[in-house]
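In: The following block contains a protein sequence and its predicted model.
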Amino acid sequence: MSSLADLDPLTGTDGRPVPDATAWDRRRHELRRLFEAHVYGPWPGDPRGVELVSVTETSALDGTARLVEAQVRVDSPAATFPLLLVTPAAPGPHPCFLGLNFHGNHTVLDHPAVTVHDRYAVDGAAGRGDHRDSWDVAGSVAAGYAVATVFCGDVVQDHPDLAGPDLDALATPAGRPGALMAWAWALSAARAALSSRPEVDPSAVTVVGHSRMGKAALVASGWDDRFAAVVATQSGTGGASPSRKAPERCVPGPDGRPEAETVKMITRRFPHWFAPAFAGHADRTDELPVDQHQLLALSAPRPTLLWNGTEDLWADPAGTWDCLQAAAPVFRFLGADQPEVVDVPEPGQTTPGTLAYGLRPGGHSVTREDWAAWRRWCACRPGGEPQA
Ligand code: GTR
């Protein structure tokens, strides 16, 4: 069985080592094309003619914040979707977290001005502010950050039977993207749209995401290098965990589920997330010409935090550690501060370096404490101080 070491990010498919940063740029393109063909489907193209329209503004969080609701409108490929932006009321520009939410923009903050759209009802309606603890907008605003979010279902409905028309709308001559690629594209469009807002520092936008949205965040950062940093939490298979899983983590347990999610499981349950070729590799992951450490390498040398829970074995914290180790040489090669770290950190600790690994006690969720830890780590600090 082949291992991650057989897929050296710094050796091209022609077998030649990458000698310098210019050659890395070519290699990066090669890796992107491989991921598009075998894992995510084609990038719909850099969003062009992006603007924020139908902008409404109001005060929030007892006057400490401004709330902006708007539509991101893209000329090519044509798309329109809502965006919610909450910024500190103090004059900006502020560093900003941008991420996709699972259940509707109205769920991240309890505020009557946020529109509740029909599409939010697909998986059972969630109420205003129901997910405020997993967004901690108040904590981020108090710490000097803006927070922007897009509901994933406003871009592609997250259901195998409903996603087709949304994905067709973003198709290229090379085919249609999987939903993860389409969501990543929307994040890129939202980032471009935010640059028109004086409250947001366009050079300090960190893309953030949990689980499937963490996978999309890593793809967004890999295809759009204007993201200053990425925080991917419990992103698992198709994210920061390898497709080539250690065999012992793939043995089905009494409930038929292996310890960590395999390519076979994920492509059966969520075929709309990926290119069809990925499912074709389900029983032959060692024949995939790319693996997920190479996805991490596409974000180098920008700050990248992989966040994990000790009990969230389905998202594969151990495999995520292996991917980090296999991607770290690219960060070093490109001049990032990337010390050798041999041991997985203790729960509660984050490793040093530009490509960092955090482990906290607990399972598959996002908490206010997680946000606090990400803000402590964050490279894009209010006022622009560099990472400690
Ligand atoms: C699970 C899926 C994971 C992860 C998770 C989530 O059901 O197996 O890959 O994406 O959903 O998004 O919460």
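Out: That came through, no problem.
In: burial count for the residue nearest to A379 when sequence neighbours are not counted?
Out: Counting by CB to CB, 6 or more residues apart in numbering, A379 lies nearest to P303, which is 3.8 Å off, once chain neighbours are set aside. Quick note: C-beta positions are derived from backbone N, CA and C, even for glycine. Using other CB atoms under 10 Å as the criterion, P303 is surrounded by 26 other residues.
In: Against A217, how distant is P303?
Out: Here P303 is placed at a distance of 13 Å from A217 (CB to CB, to the nearest Å).
In: Could you tell me which residues touch both of those two?
Out: When CB atoms under 8 Å, 6 or more residues apart in numbering defines a contact, the residues bordering P303 and A217 alike are V230.
In: ok, now which ones touch the residue of the stretch 1-150 of the chain found nearest the ligand?
Out: Among the residues of the stretch 1-150 of the chain, F102 lies nearest to the ligand; the distance is 7.4 Å by CB to the nearest ligand atom. F102 makes contact with H131, F151, C152, D158, M213, according to CB under 8 Å, 6+ apart.
In: swap in G238?
Out: V39, L180, R212, K215, I266, W273, F274, F278, Q292.
In: So the nearest residue to C378 once chain neighbours are set aside, which state does it fall into?
Out: Spatial nearest neighbour of C378, excluding adjacent residues (CB to CB, 6+ apart): T206 at 6.3 Å. For T206, the assignment made with DSSP: H, G, I helix; E, B strand; the rest coil gives strand.
In: now, which of the contacts of F102 sits nearest the ligand?
Out: Ranked by distance to the ligand (CB to the nearest ligand atom), those are led by M213 at 6.9 Å.
In: any idea how far H272 is from the residue nearest to the closest one when sequence neighbours are not counted?
Out: On the basis of CB to CB, 6+ apart, the spatially nearest residue to M213 that is not a chain neighbour turns out to be L100, at 4.4 Å. The gap separating L100 from H272 is 15 Å, by CB to CB.
In: In terms of neighbours, single out the busier of those two.
Out: Between L100 and H272, counting by other CB under 10 Å, L100 is the more crowded of the two (27 against 21).
In: Next up, the contacts around the more buried one.
Out: Remark: with contacts taken as CB under 8 Å, 6+ apart, L100 is in contact with T149, V150, F151, C152, V155, W183, A186, L187, G209, M213, A216, A217.
In: In these, find the pair that's most separated.
Out: Using CB to CB, the contacts of L100 span at most 14.9 Å, a distance reached by F151 and A217.
In: So which bits of this structure are right by the ligand?
Out: S211, R212, G236, T237, E261, I266 (CB under 6 Å from any ligand atom).
In: Out of those, give me the one that has the most neighbours.
Out: Looking at the residues of the chain next to the ligand with neighbours defined as other CB under 10 Å, the largest count falls to G236 at 27 neighbours.
In: Around the residue nearest to that residue when sequence neighbours are not counted, how many other residues sit close by?
Out: With CB to CB, 6+ apart as the criterion, G236 has its nearest non-adjacent residue at 3.5 Å, and that residue is A315. By other CB under 10 Å, the residues close to A315 number 26.
In: Surely A315 and R249 touch.
Out: No. With the criterion set as CB atoms under 8 Å, A315 and R249 do not qualify as a contacting pair; they are 11.3 Å apart.
In: between the two, what contacts are shared?
Out: Overlap between the contact sets of A315 and R249, as judged by CB under 8 Å, 6+ apart, is given by A260.
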